[in-house]
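Novice: Any chance you could fold what I've pasted below:
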Amino acid sequence: MCGIIGILSNNEINLDLIDSLRRLQHRGQQAAGIATMDGNIIHLKKGNGLLREVILDTDLDYLTGTAGIGHVRYPTAGSANDPEQAQPFYVNSPYGIMLAHNGNLTNAAQLRTEILSKSKRHLRTYSDSEILTNVLASEIEELSIHSELNNTIIFQSLTNLQQKVKGGYAVVSLIANYGLIAFRDNFGIRPLILGKKISTTGYSYIVSSESCALDTSEFEYIRDIKPGEAIIIKSNGEIESKICHPNPTLNICLFEFVYLSRADSIIEGVSVQSARENMGKYLAQTIQNCNLDIDVVIAVPDTSRTSAIEVANYLKKEYREGFVKNSFTGRTFMLSNQKQRILAVRNKLNPIAIEFKNKNVLLVDDSIVRGTTSKGIIDIVRKCKPKKVYLASAAPQVKFPNVYGIDMPTYNELIAHNRNDEEISEFIGADKVIFLSLTDLKKSITDLNPAVTNFDASCFNGKYITGDIDQTYLDSLLISSSKK
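Specialist: Presented below is the predicted three-dimensional model:
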């Protein structure tokens, strides 16, 4: 999971670009970068850290132009601490191409070998995003040897790319002195939306991972970019789109609604906030069947708050805020190792003891993945001397690795892999753990948009929709992880 932005306008775009990218900071905390295009000149600034740490006010004097792309990184492949992994990536042949990518390529190793052996290109990192940049550059180069670059060549290049590249990806790219390109994988796993702003001084187009990036910059949502679709916005403002895959289907990642996306975003016509409300209602029905003696419902801040309030309302139990969150810490799920996550939990949340003492407490969290955060939170709560501590998850048991752009790469890290609910409860120290069913999670979304019926639910059910993932592949991830 990362956040990507692309803007093209007939005006200077750096302020809109950085403002919109700031709204996607929740999608990546490890690195950030911005590239802008001023005619045939491309400017680039990137590095490790939050956006405010990487892009300074003084950089705006340098990052000039009427088109640009931005990226906030959440590492899922390669070295998390390597500053060279920060995006956008750049190749100067042909034409000069910048690219930023959200997702994960499942055949990156094969593509890397082909690039190095056949195209004679050089790679500076092991990032699949750099591989994707070079695949795009190679396709455009091959088709434009005897012709001037045009939309037909670019669309054919992307058609060829979609036949070669496997996995989940949403992409924004700049071609020097030509325009902005955006495209999405044929399964529509990772989200990508298109917006526009008309003002007295002209036009601006935006492509973003989430709609929340549009509102504060006064962009109007146009639509979600379709699975397998590519959009070209030329420097003169002309826009053209084309489906570049013969068999596209929408399978949006369920974890976008559970955790990844911001509550004020709308994905495929579904309000993330409303989906989380539905998750709370369905979860409450499951909890009701457990006949638990509950005094109070408390959310594990912040993503789960919406669901927790609905749980309390449905069960007619008191909802209370039980934690003070340190606003200067990030999302613990995104940290790169277990020691960091354990320390972050201690620093992130401080309990309000009076809300727990001598009470049967139902904690509601958005999900339970590794169990590290859950165990740490329950340890904290136990010190406040509650009677009992129950933990409810607004998502099903995460039993399988996610290979499409979320950091759940190996099954040995997942608490629900080869454990039943009772064993999970014992491991994290809860009196009972309750999970939302996969059926109810899907209904939480389809209730709001019946047209959205298929999902990537691989981390819950082990079904990998791209058709190229087997046990050998998953075992290779486990081996690779053990070597780091």
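Novice: how does this protein divide into domains?
Specialist: In terms of domains, the chain is parsed into 3-250, 272-449 (source: automatic domain parsing).
Novice: Can you give the distance from the longest one to the centre of its chain?
Specialist: In terms of Cα atoms, centre = their mean, to the nearest Å, the gap separating the centre of domain 3-250 from the centre of its chain is 15 Å.
Novice: Lowest average pLDDT across the domains of the chain?
Specialist: Of all these, the minimum mean pLDDT falls on domain 272-449 (a mean of 91).
Novice: quick revisit: go through the domains of the chain and name the closest to Val258.
Specialist: Each of those was scored for nearness to Val258 using Cβ to Cβ, and the closest is domain 272-449 (4.5 Å). All C-beta spots, glycine's among them, are computed from the backbone N, C-alpha and C.
Novice: what's the first-to-last distance across that closest one?
Specialist: 12 Å (Cα to Cα, to the nearest Å).
Novice: go on, stretch 207-221?
Specialist: End-to-end distance for stretch 207-221: 10 Å, by Cα to Cα.
Novice: Check which residues of it are buried.
Specialist: Buried residues in stretch 207-221, counted by 16 or more other Cβ atoms under 10 Å: Val207, Ser208, Ser209, Glu210, Ser211, Cys212, Ala213, Leu214, Ser217, Phe219.
Novice: which one among the residues you listed gets closest to Leu136?
Specialist: Checking the buried residues of stretch 207-221 against Leu136 with Cβ to Cβ, the nearest one is Val207 at 15.6 Å.
Novice: any chance you could map the strands in the stretch 1-150 of the chain?
Specialist: Taking DSSP state E, counting those that start in this stretch, the strands of the stretch 1-150 of the chain run over residues 3-9, 31-38, 41-48, 67-73, 89-91, 97-105.
Novice: Pick the most deeply packed of those.
Specialist: Among the strands of the stretch 1-150 of the chain, strand 67-73 has the highest mean neighbour count (mean count of other Cβ atoms under 10 Å), at a mean of 31.
Novice: Give me the helices and strands touching that strand, please.
Specialist: On a contact count with 3 or more Cβ pairs under 8 Å, 6 or more residues apart in numbering; DSSP states H and E, strand 67-73 meets strand 3-9, helix 14-22, strand 31-38, strand 97-105, strand 167-175, strand 179-184.
Novice: before we move on, back to that, between the strands of the stretch 1-150 of the chain, which one is closest to Gln156.
Specialist: Within these, the stretch nearest Gln156 is strand 97-105; the backing value is 15.8 Å (Cβ to Cβ).
Novice: which residues in the stretch 301-450 of the chain form helices?
Specialist: Counting by DSSP state H, counting those that start in this stretch, the stretch 301-450 of the chain has helices at residues 305-315, 338-348, 372-382, 421-428, 438-446.
Novice: any chance of these in TSV, with distance to Tyr90 and mean neighbour count too?
Specialist: As requested, the helices of the stretch 301-450 of the chain are exported to TSV (distance: least, Cβ to Cβ, whole Å; neighbours: other Cβ atoms under 10 Å):
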stretch	distance to Tyr90	mean neighbour count
helix 305-315	40	22
helix 338-348	30	15
helix 372-382	36	21
helix 421-428	44	16
helix 438-446	37	19
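Novice: and of the ones you listed, who's closest to Val324?
Specialist: Of all the helices of the stretch 301-450 of the chain, helix 338-348 comes closest under Cβ to Cβ, at 9.8 Å.
Novice: Next, count neighbours for Glu114.
Specialist: 17 (other Cβ atoms under 10 Å).
Novice: Please tell me how far the closest residue to Asn40 other than its chain neighbours sits from Ile154.
Specialist: Residue nearest to Asn40 in three dimensions, not counting chain neighbours: Asn177, with 4.3 Å by Cβ to Cβ, 6 or more residues apart in numbering. According to Cβ to Cβ, to the nearest Å, Asn177 and Ile154 sit 14 Å apart.
Novice: Redo the domains of the chain as CSV? Include distance to Asn461.
Specialist: Converted to CSV, those look like this (distance: least, Cβ to Cβ, whole Å):
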stretch, distance to Asn461
domain 3-250, 15
domain 272-449, 6
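Novice: Could you give the bridge partners of the residue lying closest to Leu51 once chain neighbours are set aside?
Specialist: Ranked by Cβ to Cβ, 6+ apart and with sequence neighbours excluded, the top spatial neighbour of Leu51 is Ala32, at 4.3 Å. With DSSP bridges as the criterion, Ala32 is bridged to Gly47, Val72.
Novice: Let me see the contact set for Ala32.
Specialist: 21, 46-47, 49-51, 53-55, 70-73, 86 (Cβ atoms under 8 Å, 6 or more residues apart in numbering).
Novice: try Cys244
Specialist: Cys244 touches Phe155, Leu158, Thr159, Leu161, Gln162, Phe183, Gly228, Glu229, Ala230, counting by Cβ under 8 Å, 6+ apart.
Novice: Buried only: go through these for me.
Specialist: Phe155, Leu158, Thr159, Leu161, Gln162, Phe183, Gly228, Glu229, Ala230.
Novice: next one: phi and psi at Gly65?
Specialist: Gly65 adopts backbone torsions of phi 140, psi 180, taken as degrees, to the nearest 10.
Novice: For it, give me its contacts.
Specialist: Glu12, Ile13, Asn14, Thr36, Met37, Asp38, Gly39, Ile41, His43.
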